[in-house]
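> give me the fold of what follows.
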Amino acid sequence: MRFTDLKLVANGHVLEVYEYEKEVCSGFEGQGGRRKNDEEKSERSEEIRKTSSAKARNEVRRQVLANFSERSKFVTLTFKENITDIQRANTYFKNFIKRLKYYLKAKRKWQADFKYLAVLEFQDRGAVHYHMMCNSPYVPQRDLLQLWRKG
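As a prediction, the model looks like this:
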């Protein structure tokens, strides 16, 4: 068990330093606590969701900093049809990635390894869409529309 008030996270060319107001204990496993009633469980669940969401955002930000440059491209992929099924949407997305890789190698003669990071998100109406960052060269919008084929 150790106590610290600093946390260092290295990502590519970026070093993040977090300084805590109080020392944090690590390498320690708790033995549980008192039993919680339903209201406390609900509040705890919401707190866990918020913490998890913040951790996920930070991880995406770190991955972007470590793997992409200011010349990287950002693309939002939406569906014309109101698709709410994640498996179906992911199948369409995977097929798009395959077509895009082929396009980049065959049509653009681009030889670098294709890297991308995509985040699935739901619109207010429940429809799925994707935000994607990639290291590809410029692709005209009409070509992207042909490759995506869904909206």
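> residue 73 reaches residue 141, doesn't it?
No: checked against CB atoms under 8 Å, the pair residue 73 and residue 141 is beyond contact range at 11.5 Å. Where you see a C-beta, it was placed from the backbone N, CA and C, and this is true even at glycine.
> pick out whichever of the two has more residues nearby.
For residue 73 and residue 141, the more surrounded residue by other CB atoms under 10 Å is residue 73, and the numbers stand at 15 against 8.
> just the helices in this protein please.
38-67, 86-106, 141-148 (DSSP state H).
> what's the spacing between the residue lying closest to residue 147 once chain neighbours are set aside and residue 114?
Closest residue to residue 147 apart from its sequence neighbours, by CB to CB, 6 or more residues apart in numbering: residue 99 at 4.7 Å. Distance, residue 99 to residue 114, by CB to CB, to the nearest Å: 12 Å.
> how near is residue 108 to residue 77?
Taking CB to CB as the measure, residue 108 falls 19 Å from residue 77.
> who has more neighbours, these two?
A direct count of neighbours by other CB under 10 Å for residue 108 and residue 77 places residue 77 higher, at 20 against 13.
> please identify the buried residues of stretch 140-151?
For stretch 140-151, burial by neighbour count (16 or more other CB atoms under 10 Å) applies to 144, 147, 148.
> residue 80 and residue 50: what is the separation?
Taken as CB to CB, the span from residue 80 to residue 50 is 33 Å.
> check residue 65 too.
Using CB to CB, residue 65 is found at 23 Å from residue 50.
> between the two, who's got more neighbours?
Just comparing residue 65 and residue 50: by other CB under 10 Å the higher neighbour count belongs to residue 65, 14 against 10.
> could you pull up the residues touching the residue nearest to residue 125 when sequence neighbours are not counted?
Excluding the flanking residues, the one nearest residue 125 by CB to CB, 6+ apart is residue 82, at 6.7 Å. Contacts for residue 82 were tallied using CB atoms under 8 Å, 6 or more residues apart in numbering; they are 125, 126, 127.
> out of the residues you listed, which are buried?
Here, 16+ other CB under 10 Å leaves residue 127 buried among those.
> show me what contacts the closest residue to residue 149 other than its chain neighbours?
Among residues not flanking residue 149 along the chain, residue 96 sits closest, at 7.5 Å (CB to CB, 6+ apart). By CB under 8 Å, 6+ apart, the residues touching residue 96 are 77, 147, 148, 149, 150.
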